[in-house]
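Q: I would like to see how this sequence folds:
(one chain, ligands or ions: 1)
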Amino acid sequence: MAKKNILVLTGSARKNGNSDRMADTFIKEALSVGHEVTKFETAKKEIRGCIACETCWSKGKPCSFQDDFDELAPLLETADVIVFATPLYWFTFPAQIKAFIDKLYAYAGKNCLRPLKIKECLLLVCGADDNLKIFDGIIATYKEIAHYMKWEDKGIVAVPKVNKKGDIEATDGLVKAKEYGKMLGQ
Ligand SMILES: Cc1cc2nc3c(=O)[nH]c(=O)nc-3n(C[C@H](O)[C@H](O)[C@H](O)COP(=O)(O)O)c2cc1C
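A: Numbers count the residues shown, from 1 in each chain. The predicted structure is shown next:
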């Protein structure tokens, strides 16, 4: 199995919340099979949204402005795999992780100075309502991002009916997150 460098981006501010547990379960398994994993908790960081100033790379870094994207950029540039582990907010990604996605703009165009080497991605998502349709929006967004960035979608774990911290324990979400932790290297 080829060892991979996996960047896990989380979207919830709730420590040990449902998506955080999926992230940690995935990470534990991925580490146990020999991958390198970095967890970056976007909800604990300050990343402002893109303001379309079109000055990416003009200061030698992806975004001309200073915020925690400066910390994330080197992790992004060395990652082979990106994992989004997030709750569903208003049928899509929470603002904090979306701000990161918006700043991917610096890596998307022809003017990108340091292209990403990410080849694969994974989505772990949970929401409170009790049908899978609630995930249509976030899954469509995730898939279009993967397609646009030429990342291979390695899978989606979408877990409905989880709201309170710990609800995820009563679902198959953690088992599936673990399976992906093992499977990503194969
Ligand atoms: C601001 C906000 C928006 C939410 N929007 C949705 C939603 O659109 N659909 C849904 O099913 N659950 C929604 N939820 C519920 C969360 O997705 C759910 O509680 C989830 O389990 C939280 O995950 P966490 O423990 O990882 O934070 C929302 C929660 C918050 C706080």
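Q: Are stretch 77-86 and the ligand in contact anywhere?
A: No - contact of stretch 77-86 with the ligand (C-beta under 6 Å from any ligand atom) is absent, the minimum separation being 7.3 Å. Yep, even glycine has a C-beta here, placed from its N, CA and C like the rest.
Q: Around the closest residue to the ligand within the chain, how many other residues sit close by?
A: Nearest to the ligand in the chain, going by C-beta to the nearest ligand atom, is residue 17, at a distance of 2.5 Å. If you count neighbours by other C-beta atoms under 10 Å, residue 17 ends up with 22.
Q: Pretty sure it sits against residue 163.
A: No - between residue 17 and residue 163 there is no contact under C-beta atoms under 8 Å: 10.1 Å.
Q: Chain neighbours aside, what residue packs nearest to the residue of the chain closest to the ligand?
A: residue 165 (5.2 Å; C-beta to C-beta, 6 or more residues apart in numbering).
Q: Kindly report the same for residue 115.
A: The spatial neighbour of residue 115 that comes closest, neighbours along the chain excluded (C-beta to C-beta, 6+ apart), is residue 107 at 6.9 Å.
Q: pretty sure that neighbour contacts residue 82?
A: No - with contact defined as C-beta under 8 Å, residue 107 does not count as touching residue 82 (11.3 Å).
Q: Now residue 14: phi and psi?
A: Here is the backbone geometry of residue 14 (degrees, to the nearest 10): phi -80, psi 110.
Q: for residue 81, same thing?
A: When read as degrees, to the nearest 10, the backbone of residue 81 gives phi -130, psi 140.
Q: got the contact list for it?
A: With contact set as C-beta atoms under 8 Å, 6 or more residues apart in numbering, residue 81 has these partners: 4, 5, 6, 7, 118, 119, 120, 121, 122, 154, 184.
Q: quick check, the fifth one in a strand?
A: No - Residue 118 sits outside any strand when classified using DSSP: H, G, I helix; E, B strand; the rest coil, being coil.
Q: isn't it right up against residue 77?
A: No - using C-beta under 8 Å, residue 118 makes no contact with residue 77, being 9.1 Å away.
Q: where are the low-confidence patches of the protein?
A: For the chain, the stretches with pLDDT under 70 are 185-186.
Q: Point out the residues in it that sit beside the ligand.
A: Residues of the chain lying close to the ligand (C-beta under 6 Å from any ligand atom) are 12, 14, 17-20, 87-91, 126-129, 134, 162-163, 165.
Q: Would you map the helices across this structure?
A: For the chain, the helices defined by DSSP state H cover 18-32, 69-78, 95-103, 105-108, 136-149, 173-183.
Q: now, of these, which is deepest in the fold?
A: For those, the largest average neighbour count (mean count of other C-beta atoms under 10 Å) is found in helix 18-32, namely a mean of 22.
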